[in-house]
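Enquirer: missing the sequence, but the structure's below:
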């Protein structure tokens with residue numbers, strides 16, 4: 001009798017193992033990975049000692065064959081998967097061989113369900129062997145290193161360049177279905193990293209007991225994991241102390257750069273600009289950083305220089321609000337260049353809380369009250385008079 005996995009087991013394992021109990025004895029068909037030999041081997045195999053440091057993923061080790069005969073595997077003997085991992089399973093009623101992509105799925109199962117980190121590592125490394133540059137597998141191993149004693153490797157893998165923006169949120173579900181390419185040996189079929197692996201890594205990173213000098217690296221790692229999970233506000237908060245720490249290089253300027261990217265993703269270009277200036281303060285006039293600053297100044301009208309051409313005033317309207325103290329404006333019909341100022345709102349010139357134009361796009365402009373100032377109660381439809389330059393060189 002095949003024992004069912006724990007309640008958190010992936011969908012395919014649960015459904016197919018249930019199907020085996022009820023139908024396989026009668027029909028001789030089913031779709032499942034035979035986990036019973038795997039579980040027996042696990043109970044007999046001593047736990048792997050976590051390594052102190054691993055500089056990079058390495059091909060899976062090839063342990064010696066056990067005394068009993070092993071099931072045949074395709075390919076040359078040197079290319080066989082580790083013998084303690086399953087190579088054959090039942091698929092549509094017949095024994096077949098798990099493809100390399102299938103080992104990525106199997107590694108996820110070990111990582112999430114079995115908490116057998118040594119087996120997960122072997123699965124990933126075996127799949128990585130023919131595709132050493134495969135990002136989804138490398139990321140899995142980097143997240144796994146948090147649990148295997150080399151948390152700094154995970155932090156280093158999350159470092160960013162000055163040309164990188166905020167990561168797209170990880171939304172991949174964890175699990176298998178009948179269409180999962182378990183038999184595939186194609187790199188293009190390797191599944192994205194499921195969000196649950198990032199969640200587990202985040203929990204582990206927060207529980208690490210570290211010396212004070214290691215806190216910036218850990219906080220940077222936590223911030224980046226939160227960014228991958230789409231929790232941008234929490235990521236910005238976690239990265240803040242690192243960006244302000246003058247002694248935390250290289251994590252400080254990378255934290256400032258990533259905060260800028262996260263603020264831009266949340267349409268807070270004025271705060272993104274401040275964080276880029278902080279990064280420049282830490283590293284100097286780095287070419288990519290200067291290019292990013294210049295681009296942001298140009299696109300968001302933060303440049304202080306006036307534009308060429310004749311001074312002109314144009315009238316636009318408030319289309320709505322984007323949070324407290326932020327208003328979306330209709331774009332002017334004329335192309336304004338250089339610095340553009342708000343001359344009046346609803347027929348009155350702003351005094352103490354003169355708003356700034358912080359974004360100029362083709363579809364809308366964005367106006368914001370100064371940081372710390374009380375936001376006036378300007379409603380949609382109110383007219384806004386803009387003062388700038390027209391019909392000259394941008």
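Expert: On my side now, so go ahead. All figures in this text were calculated on a predicted structure; none of them were measured in a lab.
Enquirer: Tell me where the chain has helices.
Expert: For the chain, the helices defined by DSSP state H occupy 11-19, 25-27, 36-44, 100-109, 117-128, 135-145, 151-157, 195-207, 215-228, 232-243, 251-265, 269-283, 287-300.
Enquirer: Tell me which of these approaches residue 164 most closely.
Expert: Nearest of the helices of the chain to residue 164, taken as CB to CB: helix 251-265 at 6.8 Å. Quick note: C-beta positions are derived from backbone N, CA and C, even for glycine.
Enquirer: Distance check, residue 387 against residue 381.
Expert: Between residue 387 and residue 381 the computed distance is 21 Å (CB to CB, to the nearest Å).
Enquirer: picking that back up, among the helices of the chain, show the one with the smallest mean pLDDT.
Expert: Of all the helices of the chain, the minimum mean pLDDT falls on helix 25-27 (a mean of 34).
Enquirer: picking that back up, ok, which of the helices of the chain comes nearest residue 182?
Expert: Closest among the helices of the chain, using CB to CB: helix 100-109, at 3.8 Å.
Enquirer: And that closest one, what does it pack against?
Expert: If you count contacts as 3 or more CB pairs under 8 Å, 6 or more residues apart in numbering; DSSP states H and E, helix 100-109 packs onto helix 117-128, helix 135-145.
Enquirer: Most tightly packed of those helices?
Expert: Among the helices and strands packed on helix 100-109, helix 117-128 has the highest mean neighbour count (mean count of other CB atoms under 10 Å), at a mean of 24.
Enquirer: what packs against that one?
Expert: With 3+ CB pairs under 8 Å, 6+ apart as the test, helix 117-128 has helix 100-109, helix 135-145 packed against it.
Enquirer: Just want the angle from that helix to helix 195-207.
Expert: Put simply, helix 117-128 runs at 130 degrees to helix 195-207, going by axes from the mean of the first three to the mean of the last three CA atoms, to 10 degrees.
Enquirer: still on that earlier bit, switch the helices and strands packed on helix 117-128 over to CSV; also include distance to residue 120.
Expert: Putting the helices and strands packed on helix 117-128 into CSV (distance: least, CB to CB, whole Å) gives the following:
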stretch, distance to residue 120
helix 100-109, 5
helix 135-145, 6
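Enquirer: wait, what's in contact with the one residue sitting closest to the centre of the chain?
Expert: Nearest to the geometric centre of the chain sits residue 228, at 2.5 Å (CA atoms, centre = their mean). Applying CB atoms under 8 Å, 6 or more residues apart in numbering to residue 228 gives the contacts 167, 169-170, 198.
Enquirer: Narrow these to just the buried residues.
Expert: 167, 170, 198 (16 or more other CB atoms under 10 Å).
Enquirer: Just confirm the second one contacts residue 192, I think it does.
Expert: Yes: under the criterion of CB atoms under 8 Å, residue 170 is in contact with residue 192, at a separation of 7.5 Å.
Enquirer: closest to residue 185 out of the helices and strands packed on helix 117-128?
Expert: Of the helices and strands packed on helix 117-128, nearest to residue 185 by CB to CB is helix 100-109, at 5.1 Å.
Enquirer: Tell me how far that closest one lies from the chain's centre.
Expert: 21 Å (CA atoms, centre = their mean, to the nearest Å).
Enquirer: what's in contact with that helix?
Expert: Applying CB under 8 Å, 6+ apart, the set of residues contacting helix 100-109 is 9-10, 13, 33, 81, 85-86, 98, 119-124, 126-127, 129-130, 136-137, 140, 174, 176, 180-186, 189-191, 194, 197.
Enquirer: So for residue 313, which of the helices of the chain sits nearest?
Expert: For residue 313, the closest of these is helix 287-300, at 20.7 Å, according to CB to CB.
Enquirer: Pull the residues that contact that closest one.
Expert: Contacting residues not belonging to helix 287-300 are listed as 161-163, 257, 260, 264, 269-270, 272-273, 276-277, 279-280, 283, 302-303, 357-360 [CB under 8 Å, 6+ apart].
Enquirer: For stretch 259-268, what is the distance to the chain centroid?
Expert: 15 Å.
Enquirer: Would you mark the buried spots in that stretch?
Expert: 259-265, 268.
Enquirer: Isn't residue 146 up against residue 206?
Expert: No: contact between residue 146 and residue 206 fails when scored by CB under 8 Å: they sit 10.5 Å apart.
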